[in-house]
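1. coordinates for the following, if possible.
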Amino acid sequence: MAWSAAARTFNVPTVDMAALRRRGPLAVGIGCASVATTRLWRSSPSSLRSMPGIKQAVQTDKAPAALGPYSQAIKANNLVFLSGVLGLIPETGKFISDDVEDQTEQVLKNMGEILKASGASYSSVVKTTIMLADLKDFKTVNEIYAKYFNAPAPARSTYQVAALPLGAKIEIDCIAAAL
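-> Predicted coordinates for the structure are as follows:
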């Protein structure tokens, strides 16, 4: 490299790049050229899994259990990621009713319990995704949703989907800032 030739001209010692990668943050500069290393360069999914505290499962009996091999929520890097929540009664695992209004209320109550278990709250939610079996329920869901989220309301996406688990009318997931 051209800058290494310039380094020899100025009698700058040779830099062992392998040693730089093994150490913590370090910067070496020569004129305008610089080399910096951090542990992030070497981060891989396997090294992230081995770092204690990088992610933590959130679980509460006050909300329905996950229906498959996933967590009710995950806390990671000061964020809480809630899996999709249905309008199931936690004690029975059955829908509160077949009515979208009742299911929406129950979904939001279940979300509140998971948020509470994670140390977050409705006010810390930054993004929600609503999946509806019928987009005609959009206005009805909005009226109920507005009771739970004060201004500034979270960012949100709403979709009509072909089907939801167990024949649900609504499913909501969200991302919240961990408190």
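
2. partner residues bridging residue 176?
-> Following DSSP bridges, residue 176 is listed with bridge partners residue 80, residue 125.

3. you'd agree it is up against residue 118?
-> Yes. Using Cβ atoms under 8 Å, residue 176 makes contact with residue 118 at a distance of 7.4 Å. To be clear about C-beta, it is placed using only N, CA and C from the backbone, and glycine gets the same treatment.

4. mutual contacts of these two, please.
-> When contacts are counted by Cβ atoms under 8 Å, 6 or more residues apart in numbering, the set common to residue 176 and residue 118 consists of residue 80.

5. rank the helices and strands of this structure by mean pLDDT and give me the bottom one.
-> strand 33-37 (a mean of 37; mean pLDDT, DSSP states H and E).

6. which stretches of the protein form strands?
-> 26-30, 33-37, 56-58, 73-76, 79-85, 125-132, 155-160, 170-177 (DSSP state E).

7. nearest to residue 64, out of the ones you listed?
-> Closest of the strands of the chain to residue 64 is strand 79-85, at 7.6 Å (criterion: Cβ to Cβ).
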